[in-house]
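*Asks:* Structure for the following, please:
(3 chains)
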Amino acid sequence: MLITTENSKDRQQHGRSGPIPMSYGKHPTPFGEALVALTHLGLCHLDFFDDDSTTALSQLRKNWPHANLREDPDATAPLIPAVFTPHLPLSLLQPMPLRLHLRGTDFQLKIWQRLLQVPPGNLISYQDLALSIGQPTAARAVGRAVGQNPICYLIPCHRVVRSDGSIGGYRSGIARKEKLLASEIPHRKSGSGTPV
DNA sequence: CTTTAGAAACATG
DNA sequence: CATGTTTCTAAAG
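*Replies:* Now for the predicted structure:
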């Protein structure tokens, strides 16, 4: 998967090259409605919402202050199957490979990309995530960065839990986090016996 | 309008 | 209560 990243330095370099064209749309997913946004460089935003999309929309504007937003569900619709059914034959889903366009600080980008390596059914703690990027004392900072994940589900922030085994937080509702995790249970390798 | 400094906020341990 | 990073606010330049 090709990922284009944009950190604060790039932002400076790029300077004011004018507003970035961006299409967005609201679409149903297996886990509720989602707001999805796309630039010419790829999928840049995916966020669940419940009844009202206004909060989700303002979050999108906040993440991309100088984007020129235009509602265009036809442009974003194909992304839904691409994201939520990644195991189906590619030919049915993707004329082009799924690309991501991520914007964040270096730290955030590091966390998000590390998160992409956590497979379905797998869990990792905020602490271990911190360890895995070589910053053993940054667990809380990690929590913060994880919470700002711009592409829900695809970047599986729902697979991050507390060290003590409790579920931890989730931006769009603990209930949704539980639902997401439950849907992945079949993927887990469970030994034949006595879990508990 | 841009920069700076300091405080406050956090999906933790 | 310490932790690291980001965001918010106020004040200058």
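
*Asks:* what comes up buried for stretch A:118-135?
*Replies:* A:Val118, A:Pro120, A:Leu123, A:Ile124, A:Ser125, A:Tyr126, A:Gln127, A:Leu129, A:Ala130, A:Leu131, A:Ser132 (16 or more other C-beta atoms under 10 Å). (C-beta placed from N, C-alpha, C; glycine too.)

*Asks:* where does chain A have low pLDDT?
*Replies:* The model of chain A has pLDDT under 70 over residues A:11-17, A:86-96, A:186-196.

*Asks:* Okay, helices next: where are they in it?
*Replies:* Ranges of helices within chain A are A:8-14, A:54-63, A:73-76, A:79-84, A:90-93, A:106-115, A:126-132, A:139-147, A:174-184, based on DSSP state H.

*Asks:* Reformat these into TSV and put distance to DNA strand B next to each item.
*Replies:* Below are the helices of chain A laid out as TSV (distance: least, C-beta to the nearest atom of the strand, whole Å):
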stretch	distance to DNA strand B
helix A:8-14	8
helix A:54-63	12
helix A:73-76	21
helix A:79-84	16
helix A:90-93	26
helix A:106-115	9
helix A:126-132	3
helix A:139-147	3
helix A:174-184	7
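
*Asks:* Relative to A:Pro21, which of those helices is closest?
*Replies:* helix A:73-76 (10.5 Å; C-beta to C-beta).

*Asks:* Any buried residues in the closest one, and which?
*Replies:* In helix A:73-76, counting by 16+ other C-beta under 10 Å, buried: A:Ala75, A:Thr76.

*Asks:* swap in stretch A:131-148?
*Replies:* Buried residues in stretch A:131-148 (16+ other C-beta under 10 Å): A:Leu131, A:Ser132, A:Ala138, A:Ala139, A:Val142, A:Gly143, A:Ala145, A:Val146.

*Asks:* how about the CA coordinates for it, as CSV?
*Replies:* Presented in CSV, the C-alpha positions along stretch A:131-148 are these (Å, rounded to 0.1, in the frame of the first residue of the first chain):
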residue,chain,number,x,y,z
LEU,A,131,8.3,0.4,23.4
SER,A,132,8.1,-0.7,19.8
ILE,A,133,9.1,2.8,18.6
GLY,A,134,11.9,3.0,21.1
GLN,A,135,10.3,5.4,23.5
PRO,A,136,9.5,3.3,26.6
THR,A,137,8.3,6.2,28.7
ALA,A,138,5.9,7.7,26.1
ALA,A,139,2.9,5.5,26.7
ARG,A,140,0.7,8.5,27.4
ALA,A,141,1.9,10.4,24.4
VAL,A,142,1.1,7.3,22.4
GLY,A,143,-2.4,7.3,23.7
ARG,A,144,-2.8,10.8,22.6
ALA,A,145,-1.4,10.1,19.1
VAL,A,146,-3.5,7.0,18.7
GLY,A,147,-6.6,9.0,19.6
GLN,A,148,-5.9,11.3,16.7
